[in-house]
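Chemist: mind folding the following:
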Amino acid sequence: MPGIPKLNEGRELAHLLRGEQAARLDFSSFCITINRMLFRLFWVTLLLTTSLTVCTGQPVTFVEPKETHAPLFEDWEKPKLLLFFTGFLDGYIEPCGCAGVELMKGGLSRRHTCLQQLEKRGWEVMPIDAGNLNKGFGQQEELKFNFVIDEAYRLMKYQAAGIGSRELLFPTEALMNYSVDVPGNPKRYTSANLGLFQFSPNIVPPYRILEQNGLKIGVVSIFGDSLLKNIDNADIVTADAVTKLQQEILPQLDTEKCDRNVLIIHGADSEIDQLLKRFADKFDFVLPSNTPAEPPLQPKKNGTTLILETGEKGRYAVAIGLFDDPKMPIRYERIPLDARYANSSTITACMDMYQKQLKDTGLEGLGIRPIPNTRLETLGNYVGQQSCTDCHETATRVWRKSNHAKAWQSLTETAKPARNFDPECIACHVVGWNTTELLPYKGGFLSEKETPQLTSVSCEACHGPGGNHARAESGSDTALQENLRQAIRLPVEGGAAKKHCFTCHDGNNSPHFDFETYWKKIEHKE
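Modeler: Okay, the predicted model is just below:
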């Protein structure tokens, strides 16, 4: 099907760069390959086009909105330029809606709406991201990056994004798709001391110079040595951060005469501290990778340099307003990406394409195979809710009134677009999956067509496979019956039930989950 460039395009590019002639790359051939990628992007474009003051050297006061949806940018005049900083998305392209999406923050769709609202004010906005956009590696992560993250960043007009350690989990072919910069199709990703096959600004730009509304902004992203030592990819070349900055990057930034410079640092705490001590005075804003879960109420300062911590999982953005006012040259705002921002139909279209791609690819195509279940030998196979109903009528009545009984329906009917082919969602909405590893157990749910009896969160999702228990209850071996009854119990006393609940109702999916409160909704004893 036509679509955003598939990953085999990157394999063609990587093939050009591998081998003895890599250093003498024929750039015209390189551009021809890229242009084929751009042609595929064309149809997507057609489809989708439907505070506080920081005075240098003076004390600063930072104010957080009193209410979740309190107005932002109060008392702000129009800035000459608004720097919109984000980072460390970690693959969380949208908040999980299971606990009530209105209670959660984040999502690329809300971020796009936020940026559109700022532009409607007539403001010049320059989005910049620190990197670490994906969560891990594998076919689904690459599809997510290809169909949602990278495309959403293009639509949101991001002009620079650091390459983080998470991106390096991708194979070289995937990295080539996103880093190569060509005339007419500038990309946004950058790293000062990392290259693919060789150090070349045509493959991985060492920095970005951004110009907007008469201002020039320099953006540099750097890796600490601790992360570089862990890279397991022979196609990646690296260099010492300090040497690169001192000998190459800073002299080139001096030549560019930027109005403001931004440094993104990916590394261990000690490396970040070291780089700040040596280079903070060369940069106006520094985005470190050791960010807390939420941006602090007050950004830290290192001399006159602001340390901007963007938070994790894309739940916040940090805005810096630049003004032509010597008394108030900079203002700061922390932006919670909460329910005040409606979903963007444009980004929803990206999500829809991604979900369709997951459906077409299937679990096997994603490389997802059933894993061993150590409980099968004792408990037998999964049998489905109906096998439990005859003997456990009281528990069944409780279950049918609960949201657990509607878990699959929430993916097929409530979610827009549907998520019933997305392993990241399936895991906590069916029976027989490892909800931490996001993989099916042997005998667990595979698809609604193959295993319809294992849809939704029914008895066996918590108690384990019930095959041997059901079979024993039809027999006369009372000792076996009692042993299996004990084996499938999940007692509240001692915390076993609570621990199991948190495998799905964790901080990412159910940030307000309280076991004592929610247990009352499904409490059953027999």
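Chemist: can you list the buried residues in stretch 210-221?
Modeler: Of all the residues in stretch 210-221, those buried under the rule 16 or more other C-beta atoms under 10 Å are L210, Q212, L215, I217, G218, V219, V220, S221. Using the backbone N, CA and C atoms, a C-beta is placed for each residue, glycine as well.
Chemist: again with stretch 389-396
Modeler: Using 16+ other C-beta under 10 Å as the test for burial, stretch 389-396 gives T389, H392, A395, T396.
Chemist: what sits against the second one?
Modeler: Spelled out, that is H392. Contact analysis of H392 by C-beta atoms under 8 Å, 6 or more residues apart in numbering lists C459, E526.
Chemist: which phi and psi values does it adopt?
Modeler: Per-residue torsions, H392: phi -120, psi 60 (degrees, to the nearest 10).
Chemist: and the gap between it and G432?
Modeler: The gap separating H392 from G432 is 19 Å, by C-beta to C-beta, to the nearest Å.
Chemist: same question for F85.
Modeler: Separation of F85 from G432 (C-beta to C-beta): 42 Å.
Chemist: circling back to that earlier point, out of the buried residues of stretch 210-221, which sit inside helices?
Modeler: Judged by DSSP state H, the subset of these located in helices is empty.
Chemist: can you redo the residues you listed as TSV with distance to R315 and pLDDT?
Modeler: Shown next, in TSV, are the buried residues of stretch 210-221 (distance: C-beta to C-beta, whole Å; pLDDT from 0 to 100):
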residue	distance to R315	pLDDT
L210	25	97
Q212	26	97
L215	28	98
I217	24	98
G218	27	97
V219	22	98
V220	25	98
S221	21	97
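Chemist: in a markdown table: the residues you listed, plus distance to R334.
Modeler: Below are the buried residues of stretch 210-221 laid out as a markdown table (distance: C-beta to C-beta, whole Å):
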| residue | distance to R334 |
| --- | --- |
| L210 | 22 |
| Q212 | 22 |
| L215 | 22 |
| I217 | 20 |
| G218 | 24 |
| V219 | 21 |
| V220 | 24 |
| S221 | 22 |
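Chemist: D259 touches I217, doesn't it?
Modeler: Yes - with contact defined as C-beta atoms under 8 Å, D259 reaches I217; the gap is 6.7 Å.
Chemist: what's the domain layout of the chain?
Modeler: 7-50+81-347, 370-522 (automatic domain parsing).
Chemist: how about A161, phi and psi?
Modeler: phi -150, psi 130.
Chemist: quick check: the closest residue in space to it that isn't next to it in sequence vs Y441, distance?
Modeler: Distances taken as C-beta to C-beta, 6 or more residues apart in numbering place D129 nearest to A161, at 3.9 Å, with adjacent residues excluded. As judged by C-beta to C-beta, D129 and Y441 stand 37 Å apart.
Chemist: from the chain's centroid, how far away is stretch 364-384?
Modeler: For stretch 364-384, the separation from the chain centroid amounts to 28 Å (computed by C-alpha atoms, centre = their mean, to the nearest Å).
Chemist: for T414, see how far away the residue nearest to E142 when sequence neighbours are not counted is.
Modeler: Of all residues not flanking E142 in the chain, A174 sits nearest, at 5.2 Å (C-beta to C-beta, 6+ apart). Separation of A174 from T414 (C-beta to C-beta): 32 Å.
Chemist: what about these two, which has more around it?
Modeler: Comparing A174 with T414 by other C-beta atoms under 10 Å, the one with more neighbours is A174, at 22 against 12.
Chemist: ok, and for the strand or helix carrying the more buried one, which residues are buried?
Modeler: Using DSSP states H and E, A174 falls within helix 172-179. Neighbour counts over helix 172-179 (16+ other C-beta under 10 Å) mark T172, E173, A174, L175, M176, N177, Y178, S179 as buried.
Chemist: below-threshold pLDDT in the chain: ranges please.
Modeler: Flagging of the chain using pLDDT under 70 yields the residue ranges 1-68, 99, 181-186.
Chemist: can you give me the buried ones in stretch 298-310?
Modeler: Result for stretch 298-310 [16+ other C-beta under 10 Å]: buried residues P299, T305, L306, I307, L308, E309, T310.
Chemist: pull the CA atoms of it into PDB?
Modeler: Included here for stretch 298-310 are C-alpha records, laid out as PDB according to Å, rounded to 0.1, in the frame of the first residue of the first chain:
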ATOM      1  CA  GLN A 298      11.300  26.700  38.900                       C
ATOM      2  CA  PRO A 299      13.900  25.900  36.300                       C
ATOM      3  CA  LYS A 300      17.400  25.600  37.700                       C
ATOM      4  CA  LYS A 301      20.100  28.100  36.700                       C
ATOM      5  CA  ASN A 302      23.800  27.700  36.100                       C
ATOM      6  CA  GLY A 303      25.100  31.200  36.000                       C
ATOM      7  CA  THR A 304      23.000  32.900  33.400                       C
ATOM      8  CA  THR A 305      22.100  29.600  31.700                       C
ATOM      9  CA  LEU A 306      18.600  28.100  32.300                       C
ATOM     10  CA  ILE A 307      18.400  24.400  32.800                       C
ATOM     11  CA  LEU A 308      15.100  23.300  31.200                       C
ATOM     12  CA  GLU A 309      13.800  20.000  32.400                       C
ATOM     13  CA  THR A 310      10.900  19.000  30.100                       C
END
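Chemist: thanks a lot, see you next time.
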